[in-house]
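Asks: Got a predicted structure here, sequence first:
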Amino acid sequence: MRRLIAAALIVSTATAASDPVLLPYVPAYQPSDVDERGAWMIADEEERRLRDAPEVIRDPALNAFVRDVLCRTVGADRCAAIRLYIVRIPAFNATTYPNGMMTVWTGALLRLHSEAELGAMLGHEFGHFELRHTVASFRHRRSGNALLAWASILGGGFALQVATIGGFYRFDRAQEKAADLLGLRYLAASSYPASAAADIWVRAMAETDASAIGRYRKPDQRYTAGFFATHPTDLTRATYLRAAAAAIGVHGADEAARYRAALAPWLPRLLADQIKRNDFGGSEYLLAQLAADGWTTPLLFARGELYRERGNPRDLASAAGFYRDAIGRGDAPPEAYRGLGLALLRGNQAEPGRAALRDYLRRKPDAGDAPLISTLIAS
């Protein structure tokens, strides 16, 4: 029965994406064969690990917000089947598991611009869950070597572990497109505009190109999927999602302002995580996108950090300007004075640099790096 329902969903998604009417939801089922039990075993083990992982964000307000967007997108009955974890990894990703666990990486939250775009991403992930793609992918990839590889990385870094476990549930191009279009149907039946889904992939293409240029490489954006590619290209996704959304028509509000307000308490930390990725071109593009409506203090400070970290002579002058702009707004963190001082010192402006560092210590006398900064001031 569940296979018939899943097949019906795939057909209806592929042939009638413009129809916002969803089939009744069939609650998640329990594993019944060896492949399903294997998929559940890995997912349950990963969830037990996530429950205690320090990288999981437990902020009640942020978790409630993301869950509310999921429920608004897929409906209360579907939403009840999901246990959602926000994981502090600065890459753009989200993953669904066969046991009803869903992870959302903070790099995705930083890159999305509205509740509607968040709903598009969560709806896509729930589409994989409802269509039972996770079990199908596990069944395709299951092998003794794969299970041994999973066991071997349990002592590795957290991001590597999460990515590796998620790799057991990789989806092929047909599954990705089916989840894309079912996710679009969720949006169409919700209060969010269906057009939000395509916008995500347009920016993903631009960020990939900016990242390549920042590393002095020729942009390698592929506009057709290779034979061995497992996902549709970003351009392909943007094209068919845009066409399907146009067939549905425009309705609803994207709730961009509400999204920015919900992310505001976490924005400085998410920006700091992004800067640490050592991706100048991609980070500069991302900051410019976030500043489309104006440069705020957190964005100016992050841009100063980005340029100072690269550290070319012109970068240091630019970084000092960004720090000063942030400080001039009146609500900059003490670290803006620290960054300004370090940029000036490296730019051979010794006395202005020491003055900025003294301002930093006055504003944050208990700073963990106070001994080092005091040494720089005295030198």
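Replies: Everything's here; your move. Residues are numbered from 1 along each chain as shown.

Asks: so is Arg338 in a helix, a strand, or just coil?
Replies: Here Arg338 is recorded as helix under DSSP: H, G, I helix; E, B strand; the rest coil.

Asks: dump the residue contacts of it.
Replies: Taking Cβ atoms under 8 Å, 6 or more residues apart in numbering, we find Arg338 in contact with Ala356, Leu357, Tyr360, Ala367, Asp369, Ile373. Bear in mind the C-beta positions are built from the backbone N, C-alpha and C, glycine included.

Asks: switch to 6 Å and redo it
Replies: Tyr360 (Cβ atoms under 6 Å, 6 or more residues apart in numbering).

Asks: and the gap between it and Ile275?
Replies: Counting by Cβ to Cβ, to the nearest Å, the separation of Arg338 from Ile275 is 14 Å.

Asks: Endpoint to endpoint, stretch 87-98 covers what distance?
Replies: Stretch 87-98 has an end-to-end distance of 18 Å (criterion: Cα to Cα, to the nearest Å).

Asks: Off-centre distance for that stretch?
Replies: Distance of stretch 87-98 from its chain centroid, counting by Cα atoms, centre = their mean, to the nearest Å, is 7 Å.

Asks: Give me the residues contacting that stretch.
Replies: Contacts of stretch 87-98 with the rest of the structure, by Cβ under 6 Å, 6+ apart, involve 39-40, 43, 55-57, 102-108, 111, 121, 125, 128-129, 134-135, 159, 166, 273-274, 277.

Asks: let's see 7 Å
Replies: 39-40, 43, 46, 55-57, 102-108, 111, 121, 125-126, 128-129, 134-135, 159, 162, 166, 169, 204, 273-274, 277 (Cβ atoms under 7 Å, 6 or more residues apart in numbering).

Asks: residues in contact with the residue nearest to Leu342 when sequence neighbours are not counted?
Replies: Excluding the flanking residues, the one nearest Leu342 by Cβ to Cβ, 6 or more residues apart in numbering is Arg308, at 6.5 Å. Neighbour list for Arg308: Asp315, Leu316, Ala319, Gly339, Leu342, Ala343 [criterion: Cβ under 7 Å, 6+ apart].

Asks: go on, Val66?
Replies: By Cβ under 7 Å, 6+ apart, Val66 lies in contact with Leu84, Ile86, Val104, Leu118.

Asks: Could you grab the helix/strand/coil label for it?
Replies: Recorded secondary structure, Val66: helix (three-state DSSP).

Asks: For Glu255, see how far away it is.
Replies: Separation of Val66 from Glu255 (Cβ to Cβ) stands at 13 Å.

Asks: follow-up on the earlier one: show only the entries of the contacts of stretch 87-98 found in strands.
Replies: Judged by DSSP state E, these include Val56, Ile57, Met102, Thr103, Val104, Trp105 as members of strands.

Asks: Would you show me how to pick out the buried ones of these in ChimeraX?
Replies: Entered in ChimeraX, the line below selects the buried ones among those, by 16 or more other Cβ atoms under 10 Å:
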select :56,57,102,103,104,105
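
Asks: Dump the ones in strands among the contacts of stretch 87-98 to JSON lines, plus pLDDT and distance to Asp199.
Replies: Output for these, formatted as JSON lines (pLDDT from 0 to 100; distance: Cβ to Cβ, whole Å):
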{"residue": "Val56", "pLDDT": "96", "distance to Asp199": "28"}
{"residue": "Ile57", "pLDDT": "97", "distance to Asp199": "25"}
{"residue": "Met102", "pLDDT": "95", "distance to Asp199": "22"}
{"residue": "Thr103", "pLDDT": "95", "distance to Asp199": "22"}
{"residue": "Val104", "pLDDT": "97", "distance to Asp199": "18"}
{"residue": "Trp105", "pLDDT": "96", "distance to Asp199": "19"}
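
Asks: Among the ones in strands among the contacts of stretch 87-98, which pair sits farthest apart?
Replies: Farthest pair in the ones in strands among the contacts of stretch 87-98 (Cβ to Cβ) is Ile57 and Met102. Separation: 13.9 Å.

Asks: re earlier: so which of the contacts of Val66 are in strands?
Replies: Per DSSP E, those map to strands at Leu84, Ile86, Val104.

Asks: Now render the residues you listed as TSV, adding distance to Ala210.
Replies: Putting the ones in strands among the contacts of Val66 into TSV (distance: Cβ to Cβ, whole Å) gives the following:
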residue	distance to Ala210
Leu84	30
Ile86	26
Val104	23
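
Asks: Nearest to Ala243 among those?
Replies: Taking Cβ to Cβ as the measure, Ala243 lies nearest Val104 of the ones in strands among the contacts of Val66, at 27.0 Å.

Asks: Find the residue ranges of the stretch 151-300 of the chain scoring beneath the pLDDT cut-off.
Replies: The stretch 151-300 of the chain contains residues with pLDDT under 70 at 151-171, 220-233.

Asks: If we use 90, what do you get?
Replies: For the stretch 151-300 of the chain, applying pLDDT under 90 flags the ranges 151-181, 183-184, 195, 197-202, 204-205, 215-252.

Asks: dump the residue contacts of the residue nearest in space to the middle of the chain.
Replies: Closest to where the C-alpha atoms of the chain average out (Cα atoms, centre = their mean) is Ala108, at 1.2 Å. Ala108 makes contact with Phe92, Asn93, Ala94, Met121, according to Cβ under 7 Å, 6+ apart.
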